[in-house]
Every structure is written in C-alpha cells, then in structure tokens.
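Asks: Attaching a predicted model along with its sequence, questions to come.
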Amino acid sequence: MRMMTNVQFATIGGTICSVWNSFDWGNMLHTAVLAAVGAMVSYLVSRLLDRRRRRR
C-alpha cells in the first residue's frame, strides 16, 4: 500500500468538508425516517398478504 502525501490528505479533507457542509441534515433525517417507515409498511403488507394466501 502506498503512503499518502500531505497534498492528498489535504485534498481528501477539503472534499469531505465541502460535502459535509452541503448536506441539509434535517432533510437527511426526514428522508431516513420516511425510508424506515416505508420499509416497515412494505414488510407488514407482504406478511399480511402471505398469511392471507396461506389460508386459501
């Protein structure tokens, strides 16, 4: 593995800082909560449909 130079560290650090600053963290939290709720609803609906299919 090759050693990283100070310039490479500075470039990576600057990129991370600029990306970090561009995120709207409130929006990210809202998106994560909606994704979790959507996954839970999808799972529950698939379980209910599977149970209903087995009864027939």
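Replies: Right, received. Where do you want to start? Numbers count the residues shown, from 1 in each chain.
Asks: Going by secondary structure, the spatially most central residue of the chain is in what exactly?
Replies: What sits nearest the mean C-alpha location of the chain, by C-alpha atoms, centre = their mean, is Ala32, with 6.5 Å. Assigned by DSSP states H and E, Ala32 falls within helix 25-55.
Asks: low-scoring pLDDT stretches of the chain, where are they?
Replies: For the chain, applying pLDDT under 70 flags the ranges 1, 4.
Asks: coming back round to it: quickly note the distance from the residue nearest to the centre of the chain to Arg52.
Replies: Relative to Arg52, Ala32 is positioned 31 Å away (C-beta to C-beta, to the nearest Å). (Glycine included, C-beta is placed from N, CA and C.)
Asks: now swap in Leu34 and tell me
Replies: Leu34 is 27 Å from Arg52, where distance means C-beta to C-beta.
Asks: and if you look at Val19?
Replies: Plainly put, Val19 is 46 Å away from Arg52 if you go by C-beta to C-beta.
Asks: what do you get for Trp20?
Replies: Trp20 sits 47 Å away from Arg52, going by C-beta to C-beta.
Asks: swap in Ser46?
Replies: For Ser46, the distance to Arg52 - C-beta to C-beta - is 11 Å.
Asks: Go ahead and report the secondary structure state at Met3.
Replies: coil (DSSP: H, G, I helix; E, B strand; the rest coil).
Asks: what about it, how many neighbours?
Replies: Residues lying near Met3 (other C-beta atoms under 10 Å) number 5.
Asks: and if you look at Thr15?
Replies: Using other C-beta under 10 Å: Thr15 sits among 10 other residues.
Asks: Within the helices and strands, which one has it?
Replies: Assigned by DSSP H and E, Thr15 belongs to helix 6-22.
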